[in-house]
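Trainee: Any chance you can model this:
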Amino acid sequence: MTGLGTSQRRSADDGSAPDRGVTPERRRSWRLWPPEISWDPGPLAARAKATAASLTPAALWRNHRLFTVVACVSVLPRVIAALGFKPALLIQDSFSYMQEGAHLSLGQLRPAGYPMLLRVLEPFHSLLLVTTLQHLMGIGLGAIIYGVLRTRGLPAWGATLAAVPTLFDSRQIWLESSILPDTLFTLVLMIAVAILIVRPKPTIWQAVIVGLLVSWASVIRGNGAPVFVIILAFLAIQRVGWKVFTACLAAFAVPLFGYMLWFFADFGQFNITNSTGMFLWSRTMSFANCAVIKPPADLVPLCPQNQPGHPTSPAPAWSIDALLTERSPATYLWDPGAWWRHDAHPGVNAYNNKLATQFAERAILAQPVDYLKTVGEGVFLTFFATDRSQSYLSDHFTVAPHVATLAPYVKSFEYRYAHTTSNTHVVQPWAYFMFLYQMPVWFPGVVFLAVMVAGLVMLIRRWRGWGVYAALAWGVAVVNLVVPIAAHELDYRYALSAVPFACLALGLACIRGPAPQVRRR
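Mentor: Down below sits the predicted model:
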């Protein structure tokens, strides 16, 4: 009907035949047996053809020249990183992912969403292929941010500026160069958020796609599930109707339920990992006081003072000594003498995860203010203590590999997947060029904070317009920033997944035009 002229639409509305020369719409029919399905692909085909035409080099240069130039330039540091650090950037987690990707087995420590992708790429036995795909994902993230903001009415320069941190931040490029799930995790969530922003009146199938994407993200990174709370809140605010809401909820829950059944079949626990409680226990080591908690006898070995290497007299909070020498949650968790390595059932398993969960719950309930202070400190340090940190968690390119020496079992994991046992090594002069690049080019934590605060202020001011859409992206950014700190510790590679959403939220809040009105269902 949209292709008809005014007089033709009137005749069609009156039930009369359209004017001669206009092809009548093909009748849609369906029958059970013999099967017959006919569908007019005209509008869909025309839309696909128009989209393809808008993505030709000539069209991109004509309509999106600024972003096209910026995106092409962002390829250069990614090529340099791929040439300068071979076979890929590897940390201890990378080898576990390769082990699970080689034969797609579930692990008790981390969910298997990322190994699913690695399994698809495993026949090529190439870590360069994995990192190249992740570099394309990073550029794709920038393109989605730009595309969403441009279609919503933001000028080209503003939409491009919002994508710049994702396209050029040296730590983002470090993450894409690593065998780690975070780039995939961020892209999957960004696609889900983009669908809801571009389609403010989501159909059932669009809601299903969003639910499936967030469900996959929940098993790519163990702390991804809380994002779905933000998605449901957005759908409720938009009053999309119970059918759309239920479709999205079911599409999220059913695959996740299937994954948990798979995990139950392998490990006897209805969960996605057997490590959530252990990570949370390590978080409580930053504040737990067993004199206040008063744990039962079976949980006393989990107290901080009973952990190897625990300082007898902790440094005062916020002192220089505390910031420089305080033991991190990861140090407690992975210490060779940690309690879970030497108890009745050593290892990462359901028994130890249950003990750790019980202790963590008791610690948080007994010291809720201390827990909130610890999380708040981690969020604060994300903005003010990660730009030039000397920790490997700061996501910087270095001469020495992050894993100094590869153990034989680690080499076997790498060989099974990539047919190599090589540790990360630099290749000159490309590595030198990357070192020069990362010195001035990074997204400062103070600017990150400014983007978060400005986004919050502006979305509140424009709540009746684009503020609701900005709140969706801003809420996802907050979840990606805070939940990893609350569940384990400050690791900037987790915080990096919040940056694209924070920039998108600020861009949406800056749009001057009216927001689309959602039809209530």
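Trainee: For T151, which residues are in contact?
Mentor: Listed by C-beta atoms under 8 Å, 6 or more residues apart in numbering, the contact partners of T151 are V198. For every residue, glycine as well, the C-beta is placed using N, CA and C.
Trainee: What ranges does the stretch 401-521 of the chain have for its helices?
Mentor: 408-418, 430-438, 445-461, 468-487, 492-495, 499-509 (DSSP state H, counting those that start in this stretch).
Trainee: among these, which is nearest R171?
Mentor: helix 492-495 (6.8 Å; C-beta to C-beta).
Trainee: on contacts alone, who are the packing partners of that closest one?
Mentor: Applying 3 or more C-beta pairs under 8 Å, 6 or more residues apart in numbering; DSSP states H and E, one finds that helix 492-495 contacts helix 170-176, helix 468-487.
Trainee: List the contacts of C510.
Mentor: Counted by C-beta under 8 Å, 6+ apart, C510 has contacts L154, G158, M458.
Trainee: Ramachandran angles for it?
Mentor: Main-chain torsions, C510, degrees, to the nearest 10: phi -90, psi -10.
Trainee: mind checking which helix or strand F245 is in?
Mentor: Assigned by DSSP states H and E, F245 belongs to helix 242-267.
Trainee: What is the subsequent helix or strand relative to that helix?
Mentor: Moving toward the C-terminus from helix 242-267, the first helix or strand encountered (DSSP H and E) is helix 276-284.
Trainee: Mind listing residues that contact that next one?
Mentor: The contact list for helix 276-284 (C-beta under 8 Å, 6+ apart) reads 222, 302, 329-330, 332-333, 340, 348, 352-360, 363-364, 371, 374, 486-489.
Trainee: Same question for stretch 452-463.
Mentor: The contact list for stretch 452-463 (C-beta under 8 Å, 6+ apart) reads 466-468, 470-471, 474, 477-478, 481, 502, 505-506, 508-510.
Trainee: Relative to N289, which of the residues you listed is nearest.
Mentor: N289 lies nearest to L481 out of these, by C-beta to C-beta, at 27.0 Å.
Trainee: Any idea how far stretch 228-235 is from the middle of the chain?
Mentor: Offset of stretch 228-235 from its chain centre (C-alpha atoms, centre = their mean, to the nearest Å): 16 Å.
Trainee: Which residues does it contact?
Mentor: Residues outside stretch 228-235 that contact it (C-beta under 8 Å, 6+ apart): 192, 196, 202, 207, 210-211, 214-215, 218, 244-245, 248-249, 252, 468, 471-472, 475-476, 479.
Trainee: rerun that using 7 Å as the cut-off
Mentor: Outside stretch 228-235, the residues within contact range by C-beta atoms under 7 Å, 6 or more residues apart in numbering are L196, V210, V214, V244, F245, C248, L249, F252, L472, G475, V476, V479.
Trainee: Mean confidence (pLDDT) on the helix or strand harbouring T183, please.
Mentor: Using DSSP H and E, T183 sits within helix 182-198. Average pLDDT, helix 182-198: 96.
Trainee: Packing partners of that helix?
Mentor: helix 127-152, helix 170-176, helix 204-220, helix 468-487, helix 499-509 (3 or more C-beta pairs under 7 Å, 6 or more residues apart in numbering; DSSP states H and E).
Trainee: Would you mind finding the most buried of those helices?
Mentor: Burial of those is given as mean neighbour count (mean count of other C-beta atoms under 10 Å); helix 499-509 ranks first at a mean of 28.
Trainee: Distance from that helix to the middle of the chain?
Mentor: 15 Å.
Trainee: Point out the other elements, helices or strands, that it touches.
Mentor: The contact analysis (3+ C-beta pairs under 7 Å, 6+ apart) places helix 499-509 against helix 127-152, helix 156-168, helix 182-198, helix 445-461, helix 468-487.
Trainee: please redo it, this time with the cut-off set to 6 Å
Mentor: Where contact means 3 or more C-beta pairs under 6 Å, 6 or more residues apart in numbering; DSSP states H and E, helix 499-509 is packed against helix 127-152, helix 156-168, helix 445-461, helix 468-487.
Trainee: and the angle from the longest one to helix 156-168?
Mentor: Taking axes from the mean of the first three to the mean of the last three C-alpha atoms, to 10 degrees, helix 127-152 and helix 156-168 form an angle of 160 degrees between their directions.
Trainee: of the helices and strands packed on helix 499-509, which approaches R239 most closely?
Mentor: Taking those one by one with C-beta to C-beta, helix 468-487 is closest: 11.2 Å.
Trainee: Residues touching the closest one, excluding its own?
Mentor: 193, 197, 223, 226-227, 230, 234, 279-280, 375, 378, 455, 459, 494-495, 497-498, 501-502, 504-505, 508-509 (C-beta atoms under 6 Å, 6 or more residues apart in numbering).
Trainee: Thank you kindly, that will do.
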